[in-house]
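[1] 3D, please:
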Amino acid sequence: MSTILIIVALVLVAGAVVYNRLVGSRNQVRTAWSDIDVQLQRRHDLIPRLVTAVDQYAGYEKATLEAITELRREAIRTADIEARGDIEEKLGKGLGRIIALAENYPDLKANENFLHLQGELVETENFLQFARRYYNGSVRDYNTMTETVPSNMVARLFGFSPKPYFQKSSDEAANVPLVKLGSVE
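    Numbers count the residues shown, from 1 in each chain. Okay, here's the model as predicted:
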């Protein structure tokens, strides 16, 4: 009888330890997503200023500027991480096109405000890339816990479910033009 009680106690303690690890891992994923969200918000805040700066020089590029503005609105409204990842990827490509427009407009390329905004955008994209890597690593660890024995039994019992990754589908989308000595690389 005492052996059974000891086994039950050990199972309960092990279950509690696994549960606490799952909670900690889930909270790490939430914190990592918060870091991504901060960088996305920073990028979203830069977009209207960048669009305005480009619009002053490249007014006939309206379709590109309007598409970027609409993607920004859509990204802000979208809560689903996977859908938002797709939208943010398109937004990143569009921002790359805006930066590339500067090559066609020497006055824009030399504009201090534009260069400052371009620098902020590059910095934000770098921070976003680091935050995305951290988030995806946290998701990987959490998902591993929810899918491997014995933690998957505790996860299933308490409703822990796998989380989606936040990734770009191509390396090209992650490559934002870099600022160097007032020009685009």
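[2] may I ask you to name the longest helix in this structure?
    Counting by DSSP state H, the longest helix found in the chain is helix 2-57.
[3] show me what that one is packed up against.
    Counting contacts by 3 or more Cβ pairs under 8 Å, 6 or more residues apart in numbering; DSSP states H and E, helix 2-57 packs against helix 62-77, helix 81-101, helix 106-110, helix 112-147, helix 151-158. (Glycine included, C-beta is placed from N, CA and C.)
[4] which of those comes out lowest on mean pLDDT?
    For the helices and strands packed on helix 2-57, mean pLDDT drops lowest on helix 106-110, to a mean of 79.
[5] CA atoms only: put that helix into CSV for me.
    What follows is helix 106-110, C-alpha atoms only, in CSV (Å, rounded to 0.1, in the frame of the first residue of the first chain):
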residue,chain,number,x,y,z
PRO,A,106,18.7,61.5,-56.5
ASP,A,107,17.1,64.3,-54.5
LEU,A,108,15.3,61.7,-52.4
LYS,A,109,18.4,59.7,-52.0
ALA,A,110,20.2,62.7,-50.6
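[6] in that helix, what counts as buried?
    Residues of helix 106-110 classed as buried: 108-109 (neighbour count, 16 or more other Cβ atoms under 10 Å).
[7] stretch 2-18 now?
    Neighbour counts over stretch 2-18 (16+ other Cβ under 10 Å) mark 15, 18 as buried.
[8] heads up, I number from 687, so please use that
    Renumbered: residue one is now 687, and that last one reads stretch 688-704.
[9] please save the CA atoms from it in PDB.
    C-alpha atoms of stretch 688-704 as PDB (Å, rounded to 0.1, in the frame of the first residue of the first chain):
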ATOM      1  CA  SER A 688       2.800   2.500   0.900                       C
ATOM      2  CA  THR A 689       4.600   1.600  -2.400                       C
ATOM      3  CA  ILE A 690       1.500   2.600  -4.300                       C
ATOM      4  CA  LEU A 691       1.200   5.900  -2.400                       C
ATOM      5  CA  ILE A 692       4.900   6.600  -3.100                       C
ATOM      6  CA  ILE A 693       4.400   5.900  -6.800                       C
ATOM      7  CA  VAL A 694       1.300   8.100  -6.900                       C
ATOM      8  CA  ALA A 695       3.100  10.900  -5.100                       C
ATOM      9  CA  LEU A 696       6.100  10.600  -7.500                       C
ATOM     10  CA  VAL A 697       3.800  10.700 -10.500                       C
ATOM     11  CA  LEU A 698       2.000  13.800  -9.100                       C
ATOM     12  CA  VAL A 699       5.300  15.500  -8.400                       C
ATOM     13  CA  ALA A 700       6.600  14.700 -11.900                       C
ATOM     14  CA  GLY A 701       3.300  15.900 -13.400                       C
ATOM     15  CA  ALA A 702       3.600  19.200 -11.500                       C
ATOM     16  CA  VAL A 703       7.200  19.600 -12.600                       C
ATOM     17  CA  VAL A 704       6.300  19.000 -16.200                       C
END
